[in-house]
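> Just a sequence and a predicted model for now, questions to come.
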Amino acid sequence: MKEKIINIARNASAAARVLANLSASEKNRILEDIAQSLLKNQGAIISANKKDLVLAKKAKLSSAFIDRLMLNAERIKAMAEGLTNVARLDDPVGTEIKSWAVPSGLKIHKVRVPIGVIAIIYESRPNVTSDCIGLCFKSGNSVILRGGSEALGSNTAIFKAIEQVLKANKLPPGAVNLITTKDRRAIDILLKINEYIDLVMPRGGEALIKKVVSSSKIPVIKHYKGICHVYVDDYADLNMAEQICFNAKVQRPGVCNAMEAMLVHRDVAARFLPLMLKKFKDSGVEIRGCQLTQRIAKDKIRPVTEKDFRTEYLDLILSVKVVDTIEEAINHINTYGSHHSDTIVTDDANNAREFLRKVDSACVYVNASTRFTDGGEFGMGAEIGISTDKLHARGPMALEELTTYKYIIYGSGQIRN
């Protein structure tokens, strides 16, 4: 197994040099063909996915997990549209970031180039397979994918549909790679091949990300858990706040940009919480609340703990806390959040500015649901993930974030004294 994975990485490194020099028109045409291949092969993809779903249900995996795993015609159509959207985006490779001349007469150009070989280790969501392939391909990178064993059938079917197009276009076999073994030692091997792999991106639960970070000899960008907050300010439009909070928690609870904790200012708590909590309860949301939330609630609710505030539920469970000031809300978010996405609902411009300035998260909103933290919603096409790191990328990662840069220098015979 070790030699096989090393060969995959070696071939990916060789392929990356080819992909880096494809023209934008070539890449766009191939991406359009890949999108059509997904639609053409959707029967095989859905059939493989159904087998994965049967095994997941037998294993008694959570409803949120099964929702992330499930594919249907609508989701495959969205995957194809994601690829065509990426094809329509400007190609970042070769674009000039800046240029200048220095006293020696040298002309210096800072230009975007592909990173090289990107390994992506992810769990459950098979649509990640096509999103990652599309974004890496358009940005001129080769990619090595290692998905979760629960989605192996789905990922393999998607990969086969894409591989058909790559072979038809005579691209090197290392351009796109899927590691299909369920043996977890494959990840340990992959993380040590720093001579061929340039970047590792883990997408999944806390245990996976900690394992990758602790084991990798390769630079890692973490797509860490999403403990996202909505803070309902004392100057909030409470009807707007109700809609935003409900959407952020209930619309799709099993994703990283869903709200996990709701903070409410004491001055509006008695007016806001009873109706809000009832709406959540009617939709099956379990509330875990602070002492004041428990007193205000009409029904008995479970006390919230410090562990709850640090938990990404990915389910219909919500932590609720009443705060005395905006400063307390900001401190709570910076202490317990995961620096992913956080929102303030307010009509006060000063409070909005303070929240935006002081909350240390990748995406900070005023009067909008956290559910918009997404490459597609940000106009980036598909996304490869949402980075909670600060270097070299933060927030939704798309084409530009999958490039680095090099300096191109023109001279006219200069030598240094």
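Ah, there it is. Source: prediction; values computed, not measured. Numbering: from 1, shown residues only.

> which stretches of this structure have low pLDDT?
Counting by pLDDT under 70, the chain shows no low-confidence range.

> Break it into its domains for me.
Structural domains annotated on the chain: 2-224+389-410, 228-372, as defined by automatic domain parsing.

> okay if I get those as TSV plus mean neighbour count and distance to Glu383?
(C-beta placed from N, C-alpha, C; glycine too.) Putting the domains of the chain into TSV (neighbours: other CB atoms under 10 Å; distance: least, CB to CB, whole Å) gives the following:
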stretch	mean neighbour count	distance to Glu383
domain 2-224+389-410	19	5
domain 228-372	19	11
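
> Format those domains as CSV; extra columns: distance to Gly381.
What follows is those, written out as CSV (distance: least, CB to CB, whole Å):
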stretch, distance to Gly381
domain 2-224+389-410, 4
domain 228-372, 15
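
> out of the ones you listed, nearest to Arg416?
The minimum distance between Arg416 and these falls on domain 2-224+389-410, with 7.7 Å, by CB to CB.

> gap between that closest one and the chain center?
A distance of 12 Å separates the centroid of the chain from that of domain 2-224+389-410, by CA atoms, centre = their mean, to the nearest Å.

> oh, and call the first residue 885 from now on, that's how I've got it
All right, first residue 885 from here; so that's domain 886-1108+1273-1294.

> Can you give me the end-to-end span of it?
One end of domain 886-1108+1273-1294 to the other measures 44 Å (CA to CA, to the nearest Å).

> Same check on stretch 1291-1301?
Stretch 1291-1301 has an end-to-end distance of 21 Å (CA to CA).

> now it, how far from the chain's geometric center?
What separates the centre of stretch 1291-1301 from the centre of its chain is 41 Å, taken as CA atoms, centre = their mean.

> contacting residues for the nearest residue to Gln1178 once chain neighbours are set aside?
What sits nearest to Gln1178 in space, not counting adjacent residues and going by CB to CB, 6 or more residues apart in numbering, is Ile1185, at 5.7 Å. When contacts are counted by CB atoms under 8 Å, 6 or more residues apart in numbering, Ile1185 touches 1161, 1171-1173, 1177-1178.

> now do Ile1102
With contacts defined as CB under 8 Å, 6+ apart, the neighbours of Ile1102 are 1003, 1075, 1077-1078, 1081-1084.

> and if we set it to 7 Å?
Under the criterion of CB atoms under 7 Å, 6 or more residues apart in numbering, the contact list for Ile1102 reads 1075, 1078, 1081, 1083-1084.

> end-to-end on stretch 1131-1138?
Terminal residues of stretch 1131-1138 are spaced 13 Å apart (CA to CA).

> which residues are contacting that stretch?
Outside stretch 1131-1138, the residues that touch it by CB under 7 Å, 6+ apart are 948, 951-952, 1114, 1142-1143, 1164, 1167, 1169, 1198-1200, 1202, 1253-1255.

> gap between that stretch and the chain center?
Shown here is stretch 1131-1138, whose average C-alpha point lies 16 Å from the average C-alpha point of the whole chain (CA atoms, centre = their mean).

> what's the answer for stretch 1252-1267, then?
Per CA atoms, centre = their mean, the centroid offset for stretch 1252-1267 relative to its chain is 10 Å.

> Check the separation of the first and last residues in that stretch.
One end of stretch 1252-1267 sits 20 Å from the other (CA to CA).

> With stretch 1070-1082 instead?
According to CA to CA, stretch 1070-1082 extends 17 Å from its N-terminal end residue to its C-terminal end residue.

> quick one: which of the contacts of Ile1102 is nearest Gly1260?
Of all the contacts of Ile1102, Gly1260 sits closest to Leu1083, with 22.2 Å by CB to CB.
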